[in-house]
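Peer 1: Compute the structure for the input listed below.
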Amino acid sequence: MKTSSRFVAYLGLLTGAAVAQFPPSPDGITVLKSKFHENITISFKEPGICETTPDVKSYSGYIHLPPRTLEDLGEKQDYPINTFFWFFEARKEPENAPLAIWMNGGPGASSMLGLLDENGPCLVNPDSNSTTLNPYSWNNEVNMLYLDQPVQVGFSYDTLANFTTNLITGVTEELLASQPVPQQNSTFLVGTSPSRNPNNTAQGAQNAAIALWHFAQVWFQEFPGYYPNDSRVSITTESYGGRYGPAFTSFFQGQNEKIAKGVWDGTEGEKYIINLDTLLIINGCVDRKVMWPSYIHLSYNNTYGLELVNSSVHEQMVDDYIRPGGCRDQIDECHAVSSLYDPDNVGLNATVNKLCQEAEDFCVDKLRDPFRKYSGRNYYDYGQKDPDPFTFKFFYGWLNQPHVQAALGVPLNFTESRDSVSTAFRSIGDYPRPGWLEDLSYILESGIKVALVYGDRDFACNWLGGEAVSLAINYTNTTQFHAAGYEPIQANETYVGGQVRQHGNLSFSRVYQSGHEVPSYQPETAYAIFMRALFNRDIATGTVDTLANGSYSTAGPPDTWHIKNEVPEPQLMFCYVLEPNTCTQDQIASIENGTAVIRSWIVVDANSTARFPWLLDPEEDATSIPPFVGIRGPSILLNVWAMGLLAIIAVLLLISRYVPPCDEAWKEPEYQTLLRHNTPGTTAKGSAA
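Peer 2: The predicted structure follows:
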């Protein structure tokens, strides 16, 4: 769906520009100087929020890398890199637990999405002001390290800048230190962010790998909260992580080999071997050439029986892919010039950058966008119509609460997706470049496990494309992997969560009834796959020791296309104003004309009150945001261009003076069912246990 440009501009500022206020000054921070590197520092604190399990610690903080740190690997870097991390000890025996790194994709998306809406220790409640413990948290038995990367993503920053935004003109300007802080009003906001300069971040996945490796060298050797007996490190990621995962894991492994052979001439403190164990990718967009045909197929023929485009549009999509000069030819040209003139994919050749980006633009326009134009379905969950009512972004509001920012010790406001990072990656045509399959081959040959996991309701990085990627990897056991059949994924004793093909250290899983963020839709199935992959168990049952049986293969049919799905029942849509894509045109109109009633950033209407009954009486709910008492009583009335916006700013200022108990158990008994989308009643036909 489309939203008005003025409304989007307003909400973008509300979410990304500090929610109309500067963050509190960090305090209680421990700062350590690196033992190995002059001017590198580590800063952190124990936030005491989100993970409230007794005796389980968490640490939030930064690794601060000064300019020129990356030059030993040929990476130009004339800006500082301050990478935000949030580390959670395992709930069970953290000293004996392995570690997994989690990164969301984008490029430019914050990993707070994964932490607070998918697989982290807590889930943010609909009041955007409190949290509930997640029983399927990946830190149950694994130490989890969530990273905002590359620099400028989420809470990570290069340099901090205060800025002002005029909501009427749309003009954003940096507020210089010599200038007084202007007074805010109904159309004028202030906030703190990174520089937003696309030159001050990684230019593509390969350059991001270099920055992350330097972060890892410092963190694994010098962060005092990490001291395990189990040195295994896994990389888990999602979406654009289909590129991050292969690029980062292969780069780390290459550095490991150089260090082990004594051919790496890095400085002291840069010779730590990272013991890589597993690469797990959830709904990853990996190789464009391999995956683009699946968009054509899925648009017209899918296991949910939905015709997402008509036959004439489908035929045009086919033609745009195969015709001379079409998508396929343009990607081939991108691959050819990249291999010749920029084999490391670091963006050093302007002609290569231009050709690859033009290929991406063409393919997106011809093969992806027809779905968005004609289907009326959600891009990340085509089982639901737009706007998407299924996934929640309540963490937007939570992370911009002053008491949360103070607990985390962050000096800037939260933005979930950073355009400057996306611009940097797109500027070199990172999407369609080659090498990702070769990276996966190298990773497998190095003995590292690879688990590819795809929800089958996602269109953005869909399961047919993921399956094609798994079959396109050329490595020693390719033949055996192809010969392996599919077996059911027994998530628990009574529920089959999907189908898996596995041979040895490679697996591909199709997860039923799941959109883009599998741990959010199917938390138990995702948790089972994660645990089995990391602890050397077969994905299907968790009963076979794959370390002892390295030639293990699943047995069954060669594909799962015969397993059809039921279209899920439509969910009640509601408008969360910090995420404008959840709002209908009518809701946007009501916001703009001042008739909308908004509580906890949710538009109060029949749908939202059916899902969240407490919206009707927020005063009786101790965890709800205090109401704004103004002209129309305890409701927040929002008119973007008049008094309503002033009301929103007033209530936000009120929030800054109110610090409720962040982790009080959510009072609605239906909340866990509502938020977590396990749907055994709608599992694929013929596969229920």
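
Peer 1: Are we agreed that L280 is in a strand?
Peer 2: Yes - with the criterion set as DSSP: H, G, I helix; E, B strand; the rest coil, the secondary structure at L280 is a strand.

Peer 1: That one against R532, yeah?
Peer 2: No - counting by C-beta atoms under 8 Å, L280 sits too far from R532 to count as a contact (10.5 Å). C-betas here are computed from N, CA, C, even on glycine.

Peer 1: For the two, work out which one has more neighbours and name it.
Peer 2: Ranked by neighbour count (other C-beta atoms under 10 Å), L280 and R532 place L280 first, with 27 against 23.

Peer 1: Not counting its neighbours along the chain, what's nearest Y295?
Peer 2: Closest residue to Y295 in three dimensions, ignoring its sequence neighbours and counting by C-beta to C-beta, 6 or more residues apart in numbering: L367, at 4.9 Å.

Peer 1: what's near enough to touch the one you found?
Peer 2: L367 makes contacts with W292, Y295, I296, M317, D320, Y321, C327, as judged by C-beta atoms under 8 Å, 6 or more residues apart in numbering.

Peer 1: of all those, which two lie farthest apart?
Peer 2: Distance extremes for the contacts of L367: the farthest pair is Y295 and D320 at 10.9 Å, using C-beta to C-beta.

Peer 1: wait, is the residue nearest to Y295 part of a helix?
Peer 2: Yes - inclusion of L367 in a helix is indicated when three-state DSSP is applied.

Peer 1: For the spatially closest residue to L116 that is not a sequence neighbour, give me phi and psi.
Peer 2: Nearest in space to L116, with sequence neighbours left out and distances taken as C-beta to C-beta, 6+ apart, is F395 at 3.8 Å. According to degrees, to the nearest 10, the main-chain angles of F395 amount to phi -70, psi -20.

Peer 1: How many neighbouring residues does the closest residue to Q587 other than its chain neighbours have?
Peer 2: The spatial neighbour of Q587 that comes closest, neighbours along the chain excluded (C-beta to C-beta, 6+ apart), is C575 at 4.3 Å. By the criterion of other C-beta under 10 Å, C575 has 26 neighbours.

Peer 1: surely C575 meets I602?
Peer 2: Yes - counting by C-beta under 8 Å, C575 sits close enough to I602 to count as a contact (7.0 Å).

Peer 1: Please identify every residue contacting each of those two.
Peer 2: Listed as contacting both C575 and I602 by C-beta under 8 Å, 6+ apart are S608.

Peer 1: domain assignment for the chain?
Peer 2: Split into domains by automatic domain parsing, the chain comes to 313-374, 573-660.

Peer 1: which residues does R537 contact?
Peer 2: The neighbourhood of R537, defined by C-beta under 8 Å, 6+ apart, consists of M531, T543, V544, D545, T546.

Peer 1: How is the second one classified with respect to secondary structure?
Peer 2: The reference is to T543. T543 - assigned by three-state DSSP - is coil.

Peer 1: who's the closest residue to it other than its chain neighbours bridged to?
Peer 2: Of all residues not flanking T543 in the chain, R537 sits nearest, at 7.0 Å (C-beta to C-beta, 6+ apart). Beta-bridge partners for R537, by DSSP bridges, are D545.

Peer 1: swap in T236?
Peer 2: When bridges are assigned using DSSP bridges, the partners listed for T236 are W102, L280.

Peer 1: Correct me if wrong: it contacts G284.
Peer 2: No - using C-beta under 8 Å, T236 and G284 do not qualify as a contacting pair, with a distance of 10.8 Å.

Peer 1: if we can go back for a sec, if you average pLDDT over each of the domains of the chain, which is lowest?
Peer 2: The stretch with the lowest mean pLDDT among the domains of the chain is domain 573-660, at a mean of 60.

Peer 1: Pretty sure S507 sits in a strand.
Peer 2: Yes - counting by three-state DSSP, one finds S507 located in a strand.

Peer 1: Let me see the contact set for it.
Peer 2: Contacts of S507 were listed using C-beta under 8 Å, 6+ apart, and they are V450, A451, L452, V500, R501, A533, I539.

Peer 1: Give me the pLDDT for it.
Peer 2: What the model reports for S507 is a pLDDT of 98.

Peer 1: measure it to D320 for me?
Peer 2: Taking C-beta to C-beta, to the nearest Å as the measure, S507 and D320 are separated by 33 Å.

Peer 1: any idea whether L452 is helix, strand or coil?
Peer 2: On the basis of three-state DSSP, L452 is classed as strand.

Peer 1: Setting the sequence-adjacent residues aside, check what's closest to it.
Peer 2: The spatial neighbour of L452 that comes closest, neighbours along the chain excluded (C-beta to C-beta, 6+ apart), is F508 at 4.7 Å.

Peer 1: who does the one you found bridge with?
Peer 2: Using DSSP bridges, the beta-bridge partners of F508 come out as L452, R501.

Peer 1: Could you report the neighbour count for it?
Peer 2: 26.

Peer 1: Run a quick check on N353 versus G429, I expect a contact.
Peer 2: Yes - with contacts counted by C-beta under 8 Å, N353 reaches G429, the gap being 5.3 Å.

Peer 1: pLDDT weak spots in the stretch 1-150 of the chain?
Peer 2: Along the stretch 1-150 of the chain, segments meeting pLDDT under 70 span 1-21.
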